[in-house]
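Engineer: okay, here's the prediction I keep looking at, along with the sequence it came from:
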Amino acid sequence: MSKNPFNIYQNANKEGMSQRELEASLLTRAGLMLKGCQDNWDAPDRDLRLEAAIKFNQKIWSLFQSELSMPDNPLPKNIREDILNLSLFLDKRLFEVLAYPEAHKLTIAININLNLAAGLLKSNQNAQDIQQAV
């Protein structure tokens, strides 16, 4: 599978994943990449791995920003705005980590990615449960 989130996103339907499953997968991968850097902070290749993890996160969140900014996005306006604000916060935090690297600064980005992924999977499961009940 390609490491480019855009390619992964475009190829999702070919692999049979729902959009929510895909988004959850990307967020999980992004969070785990950051977690790997945090857990191995003193590794000799930390800077290279940290840069790759941050770039991956930035690409994913840029895709979300693009999707959320489209006028035909089906999410309610207040939810779109909240997620866009969250993405701006993450951008700022990740740039801060690049400028002044400290392991603890990654915690909030890791938690946001993994918690959103869990929420997407749970809401997807709830939607499937409702469809099966009908």
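Structural biologist: Okay, I see it. Residues are numbered from 1 along each chain as shown.
Engineer: show me the contacts for the residue most central in space within the chain.
Structural biologist: Nearest to the mean C-alpha position of the chain, counting by C-alpha atoms, centre = their mean, stands Leu27 at 3.1 Å. The neighbours of Leu27, taking C-beta atoms under 8 Å, 6 or more residues apart in numbering as the test, are 60, 113-114, 116-117, 120. Yep, even glycine has a C-beta here, placed from its N, CA and C like the rest.
Engineer: thought Leu121 was touching Glu21?
Structural biologist: Yes - taking C-beta atoms under 8 Å as the definition, Leu121 is a contact partner of Glu21 at 7.1 Å.
Engineer: ends of stretch 69-76, what's the gap?
Structural biologist: This stretch, stretch 69-76, spans 12 Å end to end (C-alpha to C-alpha, to the nearest Å).
Engineer: helices along this structure, start to end?
Structural biologist: Using DSSP state H, the helices found in the chain span residues 5-10, 19-39, 46-69, 77-99, 107-133.
Engineer: now the ones you listed in CSV, with mean pLDDT?
Structural biologist: Listed next are the helices of the chain as CSV, based on pLDDT from 0 to 100:
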stretch, mean pLDDT
helix 5-10, 52
helix 19-39, 94
helix 46-69, 95
helix 77-99, 94
helix 107-133, 75
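Engineer: so which of these is the most packed in?
Structural biologist: With neighbours defined as mean count of other C-beta atoms under 10 Å, the helices of the chain peak in mean count at helix 19-39, which reaches a mean of 20.
Engineer: just want the angle from that one to helix 46-69.
Structural biologist: Angle of helix 19-39 versus helix 46-69, following axes from the mean of the first three to the mean of the last three C-alpha atoms, to 10 degrees, is 150 degrees.
Engineer: can you give me the angle helix 19-39 makes with helix 77-99?
Structural biologist: Going by the same axes, to 10 degrees, helix 19-39 makes 30 degrees with helix 77-99.
Engineer: can you list the contacts of Leu27 in a markdown table and add distance to Glu102?
Structural biologist: Formatted as a markdown table, the contacts of Leu27 follow (distance: C-beta to C-beta, whole Å):
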| residue | distance to Glu102 |
| --- | --- |
| Ile60 | 22 |
| Asn113 | 18 |
| Leu114 | 20 |
| Leu116 | 23 |
| Ala117 | 24 |
| Leu120 | 29 |
